[in-house]
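**Student:** sequence below, structure please.
(2 chains)
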Amino acid sequence: MSTDTVSISDLLDAWARPEPPQPQEETGFFTDTTVCIGCKACEVACKQWNQLPADHFQWTGNSYDNTVTLSDTTWRHVAFVEQFDGHAGRWLMMSDVCKHCRLAPCYEVCPTGAIIYNEFGNVYVQQDICNGCGYCVAACPFGVLDRNHDDGRAHKCTLCYDRQKEGMEPACAKSCPTDSIRFGPITQLREEAKQRVEQLHARGETDAYLYGADAAGEYSALNSIFLLKDKPSVYNLPDAPRRPAAHLKTNYLLSFGAALGLAAVSALLFAREG
Amino acid sequence: MAMARPENVTDKGYYNLPFLKRPLWGWEIAWYFFCEGISAGAYLLATMAELFGRGRYRPMVRVARYLSFAFIVPAPPLLIADLGRPERFHHMLRVFKPMSPMNLGAWALSAYSLPVTLIAAQQAAEDGLPFTGLIPGAVRNLHTKTIAVAGLPAAMTMISYPGVLLSMTSTPVWTRSRWLGALISCSSMSMAVAATSLALRLSGSNDASLKVLNKIEKVAALAEAGTLAGYLLTSGETARPLTSGKQAKTMWAGAIACGLVLPALMTSGKREGKRGFGILGSLLTLAGGLALKWALTHAGRESALDPEANRYATSPNKSAPGWMPPTTQTNEVNRGTEIEKTEPRRH
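**Tutor:** Reported below is the predicted structural model:
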């Protein structure tokens, strides 16, 4: 009697919904831009691990930044800023990535439910569900997501979900030679980040601050924290990102109110004699 | 060490590049807004006339019913064509997520299609149109008023959600003002009235309903003008793509001149009630409505790619103080609450 026989219960199991993954400790990134050397190992590692296609190469003339922006095929982008006056000045270099917002606008607007928070608390686009409506592309306040021209779906940093499931750190964090990109439980990273800022302040570098460690008004905290040394706009980040859903209720109220009002006026005018 | 800050770096952000991505919506969505606005508006007019008109406006109700069906037919194909993966259009109905205006709209469109089709089928059967013998008796005997009322919430959502959908993005020209939803609602109603009047006149009718429609049109046009003013004023600089940018011509010549000013002139004073001017006025209103939807949809691209608009729309204020330390900002800053107090509601 062969043990390879497939029984009815095996066939039914194939249709049964599997157990969802158990929630794990929430992970994220802490990017300490003060130790970034601009080597772009993170860009290369990310491209290689995720098998992302090459982008159209261009000499931009913007310092060493020929990548320009995050996109559907670029999930790590190193920004270069040269602040020099003659021989005096400094370099500012930052490895930009998806912010993995704790309350992400892309997650809020996604109509198919393709964008979810996975068991590690990271924002993840399920590629088998996304139908390329493009709402997340317009909603992201950081311009992270884009729709791919060839496969028609939206793509962004997955925080190496596949590597995390195997207990590994993301490719970019692993390849970073100065440990500028740090990966780990977000609570631990926030502590590290705050301690680093205090250390820098004690050294006299009082312009160091954290971008995204806590909520900022209507915008949630980020699970990708950045240690910056100048205004966010210098690094091509929004100074104060807005949550698109912040005024949803007011917008609906005014919109429905206008339609209701006009419907009521029509009803009144139809009801009046001649 | 001297910390030099070359002006061109800090004032112009990062090499004067935008950080937002341009929205991917174009002509399919502009035409979709046009069609679904007329359809849902005509549905509302027909239902209001049927409920409150005491049977006086039968020809108008008939025409409006056909219009609401005819203009909803192109809507699903337009939306499906706009998708990156059109064959996955049904994924829109995979979840019910009213938080996302696009999901709410997909459900509203699905729910709205049923009453619109049933009522149009009934009307067609009543009029003895070809092939209506195939319509089952069950459909023919349905109580139209009940169906029409049952479809009202879906129709109201169809009119109200497009502007809200655009507002729930990061595109400066769409998010700065709270008036965009109301503007598009009023524009849709105005277009629906114009389409109904036009259809009535072209079918040779000189019905009393034309007088009422004219009055409704005046109110709708006023509301549209008011909400447009409100939208432009509250958008400030971010409305530049519409006022002086690539969409300015469409906006001023189309949406405002054709949509609001000229029709008002056509139907005022001695010209009021005259058939020729009435037809012209309706056509201009429709052209203006399309121009408005077109301009608003296409302004998104220019707005998102404008680095100044990007920076202007994300400069710190009371409700969104950002993360810059107080020394970098000029005003008192609310640093926000601890992370534990703002845990997001995820599903």
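**Student:** max-length helix in chain A?
**Tutor:** helix A:248-271 (DSSP state H).
**Student:** buried sites along that one?
**Tutor:** Residues A:248, A:251-256, A:258-259, A:261-263, A:265-267, A:269-270 are the ones in helix A:248-271 that count as buried (16 or more other Cβ atoms under 10 Å in any protein chain shown). Every residue, glycine included, has its C-beta placed from N, CA and C.
**Student:** go on, stretch B:195-206?
**Tutor:** Buried residues in stretch B:195-206, counted by 16+ other Cβ under 10 Å: B:Ala195, B:Thr196, B:Ser197, B:Leu198, B:Ala199, B:Leu200, B:Arg201, B:Ser205.
**Student:** now B:Pro76: closest residue in space that isn't a chain neighbour?
**Tutor:** Once flanking residues are discounted, B:Pro76 sits nearest to B:Leu109: 7.0 Å by Cβ to Cβ, 6 or more residues apart in numbering or on different chains.
**Student:** please apply the same query to B:Asp207.
**Tutor:** B:Pro59 is the one closest to B:Asp207 (Cβ to Cβ, 6+ apart), at 4.9 Å.
**Student:** helix, strand, or coil at the residue in chain A that chain B sits nearest to?
**Tutor:** Residue of chain A nearest chain B, by Cβ to the nearest Cβ: A:Gly132 (1.9 Å). Assigned with DSSP: H, G, I helix; E, B strand; the rest coil, A:Gly132 falls in the coil class.
**Student:** what's the burial count for the residue nearest to A:Ala263 when sequence neighbours are not counted?
**Tutor:** Spatial nearest neighbour of A:Ala263, chain neighbours left out: B:Leu44 (5.1 Å); criterion: Cβ to Cβ, 6+ apart. Look at B:Leu44: counted by other Cβ atoms under 10 Å in any protein chain shown, it has 29 neighbours.
**Student:** host element of B:Leu44?
**Tutor:** Here B:Leu44 sits within helix B:27-52, counting by DSSP states H and E.
**Student:** so for that helix, mean pLDDT?
**Tutor:** Regarding helix B:27-52, the rounded mean pLDDT is 97.
**Student:** helices along the stretch 151-274 of chain A, start to end?
**Tutor:** Along the stretch 151-274 of chain A, counting by DSSP state H, counting those that start in this stretch, helices occupy A:161-165, A:171-175, A:186-202, A:248-271.
**Student:** I'd like these laid out as a markdown table, including mean pLDDT.
**Tutor:** Shown next, in a markdown table, are the helices of the stretch 151-274 of chain A (pLDDT from 0 to 100):
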| stretch | mean pLDDT |
| --- | --- |
| helix A:161-165 | 98 |
| helix A:171-175 | 98 |
| helix A:186-202 | 97 |
| helix A:248-271 | 96 |
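**Student:** what kind of secondary structure is the residue nearest to B:Pro76 in?
**Tutor:** From three-state DSSP, the assignment for B:Leu109 is helix.
**Student:** and the longest helix of chain A, what other elements does it pack with?
**Tutor:** Packing partners of helix A:248-271 (3 or more Cβ pairs under 8 Å, 6 or more residues apart in numbering or on different chains; DSSP states H and E): helix B:27-52, helix B:152-167, helix B:180-202, helix B:209-235.
**Student:** which one of those has the most crowded surroundings?
**Tutor:** Among those, helix B:180-202 has the highest mean neighbour count (mean count of other Cβ atoms under 10 Å in any protein chain shown), at a mean of 28.
**Student:** in the lengthiest helix in chain B, what's buried?
**Tutor:** Counting residues, the longest helix found in chain B (DSSP H) is helix B:275-304. Counting neighbours by 16+ other Cβ under 10 Å, one finds that the buried residues in helix B:275-304 are B:277-278, B:280-304.
**Student:** how about the residue lying closest to B:Ala120 once chain neighbours are set aside, what does it touch?
**Tutor:** Once flanking residues are discounted, B:Ala120 sits nearest to B:Phe69: 3.5 Å by Cβ to Cβ, 6+ apart. Residues counted as contacts of B:Phe69 (Cβ atoms under 8 Å, 6 or more residues apart in numbering or on different chains) are B:Ser39, B:Val116, B:Thr117, B:Ile119, B:Ala120.
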